Structure formats: C-alpha cells, structure tokens
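Visitor: Just a sequence and a predicted model for now, questions to come.
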Amino acid sequence: MQNIYLGRQPIYDRELRVFAYELLFRSDETNRAQIDDPDRATTELIVNALTGIGLENVVGEVPAFINLTEYFIQGMLPLPGGHEHLILEILETIQPTEAVIAGVQRLRRQGYQIALDDFVYHEHLQPLVDCADIVKLDIMAMDVDTLRDTVKRLRQHPLKLLAEKVETQEEFALCQQLGFEYFQGYFFCKPNILKGQHTPSNRLSLIHLLAKISDPEIDTEELLQLVTQDVTLSYRLLRYINSSQYGLNHTIESIKSAILLLGMITVRNLISLLLVTSIHDKPFELFLTAFIRAQMCEQLGSIQDKKHQASYFTVGLFSVMDAIMDKPMADILAQLPLADSVVAAIQNHDGKLGKTLHAVIAYERGEWDKADMPNFGTDEMRSIYLNALQWSKAFYESLKQNQAA
C-alpha cells in the first residue's frame, strides 16, 4: 500500500477568516522527488489522499487548493469530483501550450476555479492569466517595487490575488494595503506587538491560571479549588461534559465527579481548552492550531513517555501563546510557573518534549523531512494528525453549540 503524506495550510481572507486550505503533498518523507516520473506520482498521491482519507475530514466546508499536474489538465486522469470544494492550482513549471490552455478552459466550464501558483508575470503567460480566478504571488521572491508593479498589472483582469509566504504582521499589512484578497503563510502565529502595548490584566490572570492547571504535580484538591473559584469556568466545564460529545447516560453534577469519571488528565485538558477559547478577539484557526498541536503532542507523548503525558499537551497548547497574548514568547514564559523542561521545549525545541513539538509543527507545515519521530512511521503520524484534527474540530463545534444553547 502506498503511503500518503498529508498536511494542510490555511488561506485567510482580509478579516483573517479561513477562506480555504492548501493541501500539501510530497512523494516521500525526504521531501524530494526520487522517482522517474514525479508528475504522475504526485497525481496518484493526490487521488489516493482525497479518496482514501476524505476531503470533508480534512477541510470541512471550505474549499481545498490542490496542485494540478498536466495529467489532470489534459484529462488523462480524472479529478475526484466535487468542483465546489476544489480550487485547482496550475504550477509555475507548466507552460501555456495549446493543450494546456484547452484543458484549463475545459476545467473552468466544468465549474472549477483556477489558481496560478508562484506566479511571475511574463507576456507568454497571458493566456493562463486570462483563465485564472486567483493568482498566487510569492512575496518573498519579489522586492516591494516588483510586487507593486505585478499587482498593478494583474488588477487589469477580473481575478483575485493571494499573497503567499506572508511571515510577519508588517508583510500582512503591506499586502492588505496593496489590495490582496487572500493571504497564506505563518504570520497568524506571530504576535502583533504595538509600541507601549500592555497585556490586559484579565488575560494575564487567565494565562497564570492556565499554567497552574497545566502543572503535572497538581492534585485533585488543588484543581478543584482553582476551578470552583471561577463560577463561569465551572459552569462551562460541566455543560460541555454533559453535552452529547461524551454521550453519558447520567448527568455529572460536580467537577469532582467529572474527574472520577473521565480522569484527571482529561479534565485538566478540557479546562485548559475552555480557558483558551474564552479569548474572543483571535481567529478560529489560531485556536484550532493550538488544539491540534496539543492533541498530537499528547498522543505522541502517551506512547513514548506516558509518565509526562500531561506536559506534552501543555507544550503543544502553549506553542501559540505568543499570538494569543500578543507578546513575545520569551516574555510570556518568563512570567509563568512552568517547568524548565516545558519552557526549553517551547522556546528552543529542546529535550523529548521539544523534539515532539518540532515534529508536530513540521508535519503541520508539510515539511515531512523535519517531521521525524523515532518509532513512528508516516502512517502513524498521519493517523495521529487526522485524529487530532477531527477531535479539535468536533470540540470547537460542540463548544459553539453549547454557548448558543
């Protein structure tokens, strides 16, 4: 059976809502094509991933961007179907031959949207521009003047622009100013630091509470005392535990009963997630990233280091805390009573905890050659990623339903 290497990266609109995901595929874990026909191998890999895993399990209701090879464009291999869920990317290596242009026009007639990937304008590419709905510009490959000129030229056509490899808030602001409709990159996990900005006291107290709950040495009585001091948190926790998510046959009426039934680690993790989601001015994808990392780290930790399983969850959850708090990670960690091993893992990816976090982040980004975990094969990593993704989405949806009820 052929392995499937799957990752995804969110694409945002101007309000930082998730517009789509790009699905990331490679031919093998080395992140290099070592085969005679990489075009065909990539095509088969896409078909296997989309039909084997299920598109709805990976991207939900938003569209998926997938790279298109000439086999698809010229109709030699069929697409998996569902044009409303797919945006087809024409790779920058594909030349606008008559057969390619005819194939792209056929796909558009079938209802597919067309995107041009890593686009650099040349006159001979004009036929592709005329077919495109979205053009992706790699902003790291252009200076600002070239970027402005390219945007001005493309604005003469009825298409939308997507900025790729947006790494910082400054780059995001520039691309917004230039009128880009969509954005892709790691900027959302960077803090937006304003001169003279102070962290609100309620957010700071929340993060301290989160750190105390994450302490692997905390006992049941200490946890109960922390949670019951916050009536709102206690209510949200009991409401969630009694929701359909757990399918319990009787009502849980106290935090202590919840701990006895579900276990200390599960309840602590739920409390941590509820605390994080009490912050309302951050994009959904940021929380989803925190949940997925926490779940993946915990699953990997439960297999390789069960004694410190709780610390793995904490490392994953806290890895996006700079973006949530709008402060540099070093400043946040300096204020928190976290174990040295947890701090070293988050800051420098040191130790077993850090190596696990590093592998999880690499997998999330589709950097398969860096997502190396001893004793875990690619099938296991994929399964853990998909389980974490599905659990995180289900948790967030259940949380929203409970809040609306």
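Guide: Done, it's in. Residues are numbered from 1 along each chain as shown.
Visitor: so where's this structure shaky on pLDDT?
Guide: For the chain, residues meeting the criterion pLDDT under 70 lie at 1-6, 25-54, 77-78, 80-83, 190-204, 244-248, 400-405.
Visitor: the domain parsing of it - what is it?
Guide: 7-189, 201-404 (automatic domain parsing).
Visitor: what distance separates the start and the end of the first one?
Guide: Meaning domain 7-189. 17 Å (CA to CA, to the nearest Å).
Visitor: where's the residue sitting furthest away from the middle of the chain relative to Asn375, distance?
Guide: Here the chain reaches farthest from its C-alpha mean at Glu98, the gap being 37.5 Å by CA atoms, centre = their mean. The spacing between Glu98 and Asn375, counted by CB to CB, to the nearest Å, is 52 Å. Just so you know, the C-beta spots here come from the backbone N, C-alpha and C atoms, and that holds for glycine as well.
Visitor: Likewise for Arg239?
Guide: Taken as CB to CB, the span from Arg239 to Asn375 is 39 Å.
Visitor: quick one, which of these two is more surrounded?
Guide: Between Arg239 and Asn375, counted using other CB atoms under 10 Å, Arg239 has the larger neighbour count: 14 against 8.
Visitor: Only the buried residues of the one helix or strand Glu380 maps to, if you could.
Guide: Using DSSP states H and E, the element containing Glu380 is helix 378-404. With burial defined by 16 or more other CB atoms under 10 Å, the residues of helix 378-404 counted as buried are Thr378, Met381, Arg382, Ile384, Tyr385, Ala388, Leu389, Ser392, Phe395, Tyr396, Leu399.
Visitor: and what of stretch 124-135?
Guide: The neighbour-count check on stretch 124-135 (16+ other CB under 10 Å) flags Leu125, Leu128, Val129, Cys131, Ala132, Ile134, Val135 as buried.
Visitor: What's the separation between the fifth one and Arg155?
Guide: Read it as Ala132. For Ala132, the distance to Arg155 (CB to CB) stands at 13 Å.
Visitor: by contact count, what packs against the helix or strand hosting Gln105?
Guide: Following DSSP H and E, one finds Gln105 within helix 98-109. Applying 3 or more CB pairs under 8 Å, 6 or more residues apart in numbering; DSSP states H and E, one finds that helix 98-109 contacts helix 70-73, strand 113-116, helix 126-131.
Visitor: Among the ones you listed, which comes closest to Lys160?
Guide: When the helices and strands packed on helix 98-109 are compared by CB to CB, strand 113-116 sits nearest Lys160, at 9.1 Å.
Visitor: For that closest one, which helices and strands make contact with it?
Guide: strand 86-90, helix 98-109, helix 126-131, strand 134-138.
Visitor: Let me see the contact set for the residue most central in space within the chain.
Guide: Closest to where the C-alpha atoms of the chain average out (CA atoms, centre = their mean) is Thr289, at 4.8 Å. Residues counted as contacts of Thr289 (CB atoms under 8 Å, 6 or more residues apart in numbering) are Cys189, Val320, Glu364.
Visitor: So which of the residues you listed wins on neighbours?
Guide: Val320 (25 neighbours).
Visitor: roughly how far apart are the residue lying closest to it once chain neighbours are set aside and Leu23?
Guide: Nearest residue to Val320 in three dimensions, chain neighbours excluded: Ala290, at 4.8 Å (CB to CB, 6 or more residues apart in numbering). Look at Ala290 and Leu23: by CB to CB, they are 21 Å apart.
Visitor: returning to what we had before: give me the angle between the helix holding Gln105 and strand 86-90.
Guide: If you take axes from the mean of the first three to the mean of the last three CA atoms, to 10 degrees, helix 98-109 sits at 160 degrees to strand 86-90.
Visitor: just to revisit the earlier point, helix/strand/coil for the residue nearest to Val320?
Guide: Ala290 carries the three-state label helix when classified by DSSP: H, G, I helix; E, B strand; the rest coil.
Visitor: Now the phi/psi pair for Arg8, please.
Guide: Main-chain dihedrals, Arg8, degrees, to the nearest 10: phi -150, psi 150.
Visitor: Thought Glu22 was touching it, still the case?
Guide: Yes - the criterion here is CB atoms under 8 Å, and Arg8 meets it with Glu22 at 6.7 Å.
Visitor: list residues touching both of these two?
Guide: With CB under 8 Å, 6+ apart, Arg8 and Glu22 have common neighbours Ala64.
Visitor: ok, these two, which is more surrounded?
Guide: Neighbour comparison, Arg8 and Glu22: the larger count goes to Glu22, with 25 against 19 (by other CB under 10 Å).
Visitor: Spit out the contact partners of that one.
Guide: Listed by CB under 8 Å, 6+ apart, the contact partners of Glu22 are Arg8, Gln9, Ile11, Ala64, Phe65, Ile66, Glu89, Gln184.
Visitor: So which of those residues is the closest to Leu300?
Guide: Distance to Leu300 across those (CB to CB) is lowest for Arg8, with 18.9 Å.
Visitor: any idea how far the closest one is from Ala310?
Guide: 27 Å.
Visitor: send the alpha carbons of the helix or strand hosting Leu270 over as CSV?
Guide: Secondary structure from DSSP H and E places Leu270 in helix 264-276. Output of helix 264-276 as CSV, limited to C-alpha atoms (Å, rounded to 0.1, in the frame of the first residue of the first chain):
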residue,chain,number,x,y,z
MET,A,264,-7.5,13.9,35.9
ILE,A,265,-5.7,14.4,32.7
THR,A,266,-8.8,14.6,30.5
VAL,A,267,-10.5,17.1,32.8
ARG,A,268,-7.4,19.3,33.1
ASN,A,269,-7.0,19.3,29.3
LEU,A,270,-10.7,20.3,28.9
ILE,A,271,-10.3,23.1,31.4
SER,A,272,-7.2,24.4,29.5
LEU,A,273,-9.0,24.4,26.2
LEU,A,274,-12.0,26.2,27.7
LEU,A,275,-9.7,28.9,29.2
VAL,A,276,-8.0,29.4,25.9
